[in-house]
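# When you get a sec, could you give me coordinates for this:
(6 chains)
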6 protein chains.
Amino acid sequence: MATLGLIEYADATGDVKAVYDDIMATRRTDWINNFWKALAHDPATLRRTWESVKQIMGPGALDPLTKELIYVAVSATNQCGYCIASHTAGARKAGMTDQMFAEVMAVVGMANETNRLASGYQVEIDERFKT
Amino acid sequence: MATLGLIEYADATGDVKAVYDDIMATRRTDWINNFWKALAHDPATLRRTWESVKQIMGPGALDPLTKELIYVAVSATNQCGYCIASHTAGARKAGMTDQMFAEVMAVVGMANETNRLASGYQVEIDERFKT
Amino acid sequence: MATLGLIEYADATGDVKAVYDDIMATRRTDWINNFWKALAHDPATLRRTWESVKQIMGPGALDPLTKELIYVAVSATNQCGYCIASHTAGARKAGMTDQMFAEVMAVVGMANETNRLASGYQVEIDERFKT
Amino acid sequence: MATLGLIEYADATGDVKAVYDDIMATRRTDWINNFWKALAHDPATLRRTWESVKQIMGPGALDPLTKELIYVAVSATNQCGYCIASHTAGARKAGMTDQMFAEVMAVVGMANETNRLASGYQVEIDERFKT
Amino acid sequence: MATLGLIEYADATGDVKAVYDDIMATRRTDWINNFWKALAHDPATLRRTWESVKQIMGPGALDPLTKELIYVAVSATNQCGYCIASHTAGARKAGMTDQMFAEVMAVVGMANETNRLASGYQVEIDERFKT
Amino acid sequence: MATLGLIEYADATGDVKAVYDDIMATRRTDWINNFWKALAHDPATLRRTWESVKQIMGPGALDPLTKELIYVAVSATNQCGYCIASHTAGARKAGMTDQMFAEVMAVVGMANETNRLASGYQVEIDERFKT
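Purely as a prediction, here's the structure:
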């Protein structure tokens, strides 16, 4: 169970209810996932986090699918169980195929490997990379 | 200085020289960055790592630019200085603009924030994410 | 189940029993949580870890509640499930309210976000911060 | 050098200049540290990050000093060089003494140790911590 | 359940079946653990990962048991539940005793503690360590 | 420069000087590395950390070289620059050859890769690993 419990839609009032409604409208869905129901105990954090996610994950120089893939990649690197589960679902909804998922994982695995090799061998940054 | 020093191209022989040549041919460049020169002390790891990177980073269901963006995202999450510098350069070469870089960073920052919120609040995975 | 199983109080002898008794006396409680029961397979580590925790978490320039909040913050950053659960309980016992917990999480989330932004943008340390 | 360079105050315009002015006014200081000058290449992220930091780090159930100590603790756990330097300076300004810093470090070290012991021993969460 | 489900031996064909057979022959066992059954959705990653693990974990300057202990140490540091469980089992099979496991954990805990102390105190690398 | 500066041997008194002397005697060396000189601002942490390191790194079921290799592996996984530099030096002194170092790095890289693959694919722990 979440540390402070979950605030269901039926029990949401004021700003919490407003954020819940905006989440459902923006995502064109009829439910709220547990992450937001846990944050709802702190309405200021709920509002701020949702507004940030909405702004950041929308289309820009990168399309929404690419952004979801990056979200999955970071979550896998951090090994955050909830985040991997929720953002894998989000990425699928945005168009991620099984093959795309497998390629994201291959890149994530390789990057985590070479990150440690670079650090462990104490490799200095090449001059060409500094300019 | 790298832990075991760097093996320059002029001093490379056998399999190390062969990998160096393949790196330059594949990347259409005339130099080798320090990461490979450090790994060259262990030819088996040099060969294996390069073959893996070449296979993984090539085109597939995801294009090479998307893969480079994910590599940058993982390196920033792990805060690996060398890796951020080298893969930011690699991503630029693959077409990353300043705006794309900024959006990758925004997603990376947000994902690292929400990963900790999800864990700290001990949020349970929604049933809908399990199927 | 813990890797080596758990050593219950009824089965504890010698130094393990002595540490268990000191934990309960120091914390004014009548039970031992699983962490110590797992460590008990290695009495030297049990003794050393408990003595360190007891010394560090006691009052000093920082009060015990502030120290517990920091413990929760580190555990959430590392995403250690057991540690978040046990230290959230410990912090509540030391006086943490729901609002305090929410503010700790807000700071933890923001710090994890800006840590990656600082690293990803390769921000150099300001001269003023070096003196 | 930061990936995209730094935008100095003299070169700031529009929203970037407005955020810079607000940072200096809020912090009662006459300079801007590099972190913000790097983010300034992405005005939306600069604005959003600053507004979040300002809201989160202000007084609430926790005083500003406690929040700065938590920020330092997270940054040390993540081993983010820039963040440790800048937030140690920030914490000192908020009242952190050398002894407080040392105690924060002691707790951070111990938490990182026990986090791995709890995970490595695969300790299950006690029933009492779940309610 | 694994994100893409598990591919059982009875359903494996072609290269996946060949890798499964090689895993069982190399490890002298009659079953395949879930990790490989999940990777089997991406035969290229399955093949590459298995070949790498087989090459790296075989005898060399370090014996297989020492390599398994290092694998457990990294997995505990990353707090990867699956990896701790599977590699603790693998290390036992290679000869790890309870006392060895406890000493690995003691070193892992201490290293994670001092890593943060070194970073948090911003300790500079000694000249003697650079040569 | 370290956050609180370094306390040189000539300036050490009382318990700090006693710990310095014990470090040099135990390690049969005539100098103190920066880590201890930074911790010396907090004599209790200096004493406790040194006593723990001395106890843990001594011979037991694992020999001192194996323990140093694990220390290097954890430090590379955490990407702690100071710790990699100091413990690589320590491991060499304990007998680590260049080939051993390279094999440690290969295992560390592979473990960091498969840790993320296991988490990203959400692989469940096999029943056989639970008993």
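# from here on, contacts and neighbour counts on C-alpha atoms
Will do.
# Pull up the per-residue confidence for A:His59.
Quick fix: residue A:59 reads Pro, not His. A:Pro59 carries a pLDDT score of 89 in this model.
# Who are the contact partners of the residue nearest the centre of chain A?
Residue closest to the mean C-alpha point of chain A, counted by C-alpha atoms, centre = their mean, is A:Tyr71 at 4.4 Å. If you count contacts by C-alpha atoms under 8 Å, 6 or more residues apart in numbering or on different chains, A:Tyr71 has them with A:87, B:107-108, B:111.
# Nearest to B:Tyr82 among those residues?
B:Val108 (17.7 Å; C-alpha to C-alpha).
# who's in contact with the closest one?
By C-alpha under 8 Å, 6+ apart, the neighbours of B:Val108 are A:70-71, A:74, B:73, B:76-77, C:113, C:116-117.
# re earlier: between the contacts of A:Tyr71, which is closest to F:Lys93?
Nearest to F:Lys93 out of the contacts of A:Tyr71 is B:Val108 (C-alpha to C-alpha; 40.1 Å).
# any idea how far D:Asn112 is from the closest one?
Distance of B:Val108 to D:Asn112, computed by C-alpha to C-alpha, to the nearest Å: 23 Å.
# tally of neighbours for the nearest residue to A:Val123 once chain neighbours are set aside?
Nearest residue to A:Val123, sequence neighbours excluded (C-alpha to C-alpha, 6 or more residues apart in numbering or on different chains): B:Ala2, at 4.6 Å. Residues lying near B:Ala2 (other C-alpha atoms under 10 Å in any protein chain shown) number 19.
# wait, does the helix or strand hosting A:Phe35 contact chain D?
According to DSSP states H and E, A:Phe35 maps onto helix A:34-39. No. Helix A:34-39 does not reach chain D (C-alpha under 8 Å from any C-alpha of the partner chain); its nearest approach is 14.6 Å.
# Report pLDDT for the closest residue to A:Ala38 other than its chain neighbours.
Using C-alpha to C-alpha, 6+ apart and skipping the chain neighbours, the partner closest in space to A:Ala38 is A:Leu6 (4.9 Å). Here the pLDDT value assigned to A:Leu6 is 97.
# where does the closest residue to chain E within chain A land on pLDDT?
Among all residues of chain A, A:Ala102 sits closest to chain E, at 6.2 Å; criterion: C-alpha to the nearest C-alpha. What the model reports for A:Ala102 is a pLDDT of 98.
# State the distance from it to E:Pro43.
Applying C-alpha to C-alpha, the value for A:Ala102 to E:Pro43 is 10 Å.
# okay, the two: which has more neighbours?
For A:Ala102 and E:Pro43, the more surrounded residue by other C-alpha under 10 Å is A:Ala102, and the numbers stand at 22 against 17.
# Name the helix or strand for the more buried one, please.
Following DSSP H and E, one finds A:Ala102 within helix A:98-120.
# relative to helix F:98-120, how tilted is that helix?
Angular relation of helix A:98-120 and helix F:98-120 on a 0 to 180 degree scale: 150 degrees, by axes from the mean of the first three to the mean of the last three C-alpha atoms, to 10 degrees.
# Show me what residue of chain A gets nearest to chain C.
Taking C-alpha to the nearest C-alpha, chain C has its nearest neighbour within chain A at A:Asp42, 6.2 Å off.
# My read is that that residue contacts C:Met100, right?
No. A:Asp42 lies out of contact with C:Met100 (C-alpha atoms under 8 Å); the separation is 10.3 Å.
# what's stretch A:109-119 in contact with?
Contacts with stretch A:109-119, where a contact means C-alpha under 8 Å, 6+ apart, come from A:77, B:35, B:52-53, B:71, B:74-75, B:78, B:80, B:82-83, F:76-77, F:79-81, F:105-106, F:108-117.
# Any quick ChimeraX command for the buried ones out of these?
In ChimeraX, a selection of the buried entries from the contacts of stretch A:109-119 looks like this (16 or more other C-alpha atoms under 10 Å in any protein chain shown):
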select /A:77 /B:35,52,71,74,75,78,80,82,83 /F:76,77,79,80,81,105,106,108,109,110,111,112,113,114,115,116,117
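# re the thing from before, the contacts of A:Tyr71: which two are farthest apart?
Greatest spatial distance among the contacts of A:Tyr71 (C-alpha to C-alpha): A:His87 and B:Val108, at 13.1 Å.
# okay, the helix holding A:Phe35 in CSV with CA atoms only?
The C-alpha trace of helix A:34-39 is given here as CSV (Å, rounded to 0.1, in the frame of the first residue of the first chain):
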residue,chain,number,x,y,z
ASN,A,34,-2.0,5.0,-8.5
PHE,A,35,0.9,7.4,-8.8
TRP,A,36,-1.4,10.4,-8.9
LYS,A,37,-3.7,9.0,-6.2
ALA,A,38,-0.7,8.8,-3.9
LEU,A,39,0.6,12.3,-4.7
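# list the helices and strands it packs on?
helix A:43-57 (3 or more C-alpha pairs under 8 Å, 6 or more residues apart in numbering or on different chains; DSSP states H and E).
# got the contact list for the helix it packs on?
Residues outside helix A:43-57 that contact it (C-alpha under 8 Å, 6+ apart) are A:15-16, A:19, A:23, A:36, A:39-40, A:64, A:67-68, B:103, B:106-107, B:110, C:106, D:48, D:52.
# rerun that using 7 Å as the cut-off
Residues outside helix A:43-57 that contact it (C-alpha atoms under 7 Å, 6 or more residues apart in numbering or on different chains) are A:15-16, A:19, A:36, A:39-40, A:64, A:67, B:106-107, C:106.
# same question, stretch A:124-131
Contacts for stretch A:124-131 (C-alpha under 7 Å, 6+ apart): B:1-2, B:33-34, B:82, B:85-86, B:89.
# so of these, which ones are in strands?
With strands defined by DSSP state E, no entry of the contacts of stretch A:124-131 lies inside them.
# thinking again about what came up before, buried only: go through the contacts of helix A:43-57 for me.
Neighbour-count burial (16+ other C-alpha under 10 Å) is assigned, among the contacts of helix A:43-57, to A:16, A:19, A:36, A:39-40, A:64, A:67, B:106-107, C:106.
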